[in-house]
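Asks: What would the 3D arrangement of this be:
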Amino acid sequence: MTRVNFGKPMRDQQSKYYKDPHEAYVHGESLREQADQTNAAAQAERATRANGGSHNDAKPSTAASPHQAKEKASKLYTAGDLQWMTFPPLRFIVPGYLVEGLTILVGKPKRGKSWMALDWVLAVAHGGHAFGTIQCDVGDCLYMALEDSPRRVQRRIRQLLPKTTEWSSRLTFCHTMKRLDKGGLDEIRAWANNVPLRHLVVIDTFTRVRPARDKNETPYDADYRAMSLLQELAAELGIAIVPIHHQRKLDSDDPLDTASGSTGLTGAADSVLVLGRDGQGTTLTGRGRDIDDIEAALSFDKTTGRWSILGDAQEVRRSESRASILDVLKAAPEPMTPADIAIMTGLDRNTVDAQLHRMMRSGEVLSRIRGRYSHPER
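Replies: Purely as a prediction, here's the structure:
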């Protein structure tokens, strides 16, 4: 194996600098093999003396040395080796939201997950804008629309790209796929090896290609194994893979825990994006190893079929609830209690109390009577 020297002064004749951990692993292999042989000889000598025989009578050990079994061993490297390794920069497919690796997109049925993923692949294939505003680098994409027909995909693209006369050949579709452990991974790999600029693969939905659970596997082990297959493939190919998955019915304090199945699914992924909706609107929540935490407020335009980012969810909701409170107070003939404001605005009482406190400090609302609030213009 060729060793790569990156121009740093070597501390001694055995110091080398490597491009990846695999090369670092074999560094000094001959020295370790010599040490293995020396140790084996010493063990044989001790065994011979213990048995009262001669050294020549001792049988050689049949145990494999670490380097005789190196194909099965972990690839080892030192901190010194790691210091001089170089790695290509991470590729952001949708800057700020989607990076290379395995990202699970989770949401309840009919919430618009497929519209979002289709917007992404179209933006990347055309070198356009995801969410209508985020510029994407051009690249090849594979969209496995396993629950949709070509007719439906065509209709959606016409809705998303009404003014585009020529659709990009960098975007490939398919509507059938084998299970991951039954040839599905090879199908993705074959596509990736036959395009010039592979970037993104979407699997819609993950349930269609999920490997069957072994009899002796726990749910966690089965889920982790299934996602690990895709995570390893994404790392191998240097691309982003996005399996779309459903949320379970039960809510959770942490949106990332709402993915249907065990935590083995999200544990194996590099990133998780959850498309959720409550009484205050739709939020895209994200967390990952290579992205900053995401909590963005979104809106969906049914006419264009496109998701748009409104901003930080907390700030957007605060602005919306503040506007609702001001509208109600401005129309009220007399000062109102927080309970009445909550009823008129449809906001949660705790949200109303918190907003009134902030708005009092900023002078947006007045409280001339204890426990009652009014608009400054009333």
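
Asks: pLDDT wise, what is the residue nearest the centre of the chain at?
Replies: Averaging the C-alpha coordinates of the chain gives a centre point, and the residue nearest to it by CA atoms, centre = their mean is residue 271 (2.1 Å). Each residue has a pLDDT score; the one for residue 271 is 94.

Asks: cool, residue 250 as well?
Replies: According to the predicted model, the pLDDT of residue 250 comes to 62.

Asks: Could you check how far the residue nearest to the centre of the chain is from residue 325?
Replies: For residue 271, the distance to residue 325 (CB to CB, to the nearest Å) stands at 36 Å. Quick note: C-beta positions are derived from backbone N, CA and C, even for glycine.

Asks: swap in residue 212?
Replies: Looking at residue 212 against residue 325, where the rule is CB to CB, the gap reads 53 Å.

Asks: So between these two, which is more surrounded?
Replies: Each of residue 212 and residue 325 had its neighbours counted (other CB atoms under 10 Å), and the higher figure belongs to residue 325 (26 against 11).

Asks: who's in contact with that one?
Replies: 341, 345, 347, 352, 355, 356, 359, 365 (CB atoms under 8 Å, 6 or more residues apart in numbering).

Asks: Looks to me like residue 118 is in a helix.
Replies: Yes. Using DSSP: H, G, I helix; E, B strand; the rest coil, the assignment for residue 118 is a helix.

Asks: residues near residue 301, how many?
Replies: One way to gauge burial is a neighbour count; for residue 301, by other CB under 10 Å, it gives 12.

Asks: Just list whatever residues bridge to it.
Replies: In this structure, residue 301 has the following beta-bridge partners (DSSP bridges): residue 306.

Asks: Next one, pLDDT for it please.
Replies: Note on residue 301: pLDDT of 93.

Asks: Tell me the spacing between it and residue 121.
Replies: According to CB to CB, residue 301 stands 18 Å off from residue 121.

Asks: same thing with residue 293?
Replies: When CB to CB is applied, the distance between residue 293 and residue 121 equals 24 Å.

Asks: So for those two, which sits in the more crowded spot?
Replies: Taking other CB under 10 Å, residue 293 and residue 121 do not tie; residue 121 has more neighbours (28 against 8).

Asks: Now the more buried one. Nearest residue, chain neighbours left out?
Replies: Of all residues beyond its chain neighbours, the one nearest residue 121 is residue 141 (4.1 Å), with distances taken as CB to CB, 6 or more residues apart in numbering.

Asks: so which helix or strand takes in the one you found?
Replies: Of the helices and strands defined by DSSP states H and E, residue 141 is found in strand 140-145.

Asks: so after that strand, what's the next helix or strand?
Replies: Per DSSP H and E, the first helix or strand lying C-terminal to strand 140-145 is helix 150-160.

Asks: Give me the angle between that following helix and strand 140-145.
Replies: 120 degrees (axes from the mean of the first three to the mean of the last three CA atoms, to 10 degrees).

Asks: can you give me the helices in the stretch 51-200 of the chain?
Replies: 79-83, 113-126, 150-160, 184-192 (DSSP state H, counting those that start in this stretch).

Asks: Compare the ones you listed and give me the one nearest residue 260.
Replies: Go through these one by one with CB to CB and the one that ends up closest to residue 260 is helix 113-126, at 12.7 Å.

Asks: Could you pull up the mean pLDDT of the closest one?
Replies: 97.

Asks: Mind listing what's buried along stretch 348-364?
Replies: If you call a residue buried by 16 or more other CB atoms under 10 Å, then stretch 348-364 has these buried ones: 351, 352, 355, 356, 359, 364.

Asks: now do stretch 125-136
Replies: The neighbour-count check on stretch 125-136 (16+ other CB under 10 Å) flags 125, 126, 128, 130, 131, 134, 136 as buried.

Asks: So what are the structural domains in the chain, by residue number?
Replies: 21-83, 92-292, 316-374 (automatic domain parsing).

Asks: and of those domains, who's closest to residue 305?
Replies: When these are ranked by distance to residue 305, counting by CB to CB, first place goes to domain 92-292 at 4.2 Å.

Asks: From one end of that closest one to the other, what's the distance?
Replies: 12 Å (CA to CA, to the nearest Å).

Asks: same deal with stretch 164-177?
Replies: Across its full length, stretch 164-177 reaches 29 Å between end residues, using CA to CA.

Asks: buried stuff in it?
Replies: For stretch 164-177, the buried set under the neighbour-count rule, 16+ other CB under 10 Å, comprises 168, 170, 171, 172, 173, 177.

Asks: residues in contact with the strand holding residue 141?
Replies: With contacts defined as CB under 8 Å, 6+ apart, strand 140-145 is touched by 114, 117-118, 121, 124-125, 152-153, 170-175, 177, 188, 191-192, 195-204, 209.

Asks: do that again at 7 Å, thanks
Replies: When contacts are taken as CB atoms under 7 Å, 6 or more residues apart in numbering, the neighbours of strand 140-145 outside the stretch itself are 118, 121, 124-125, 153, 170-175, 177, 188, 191, 195-204.
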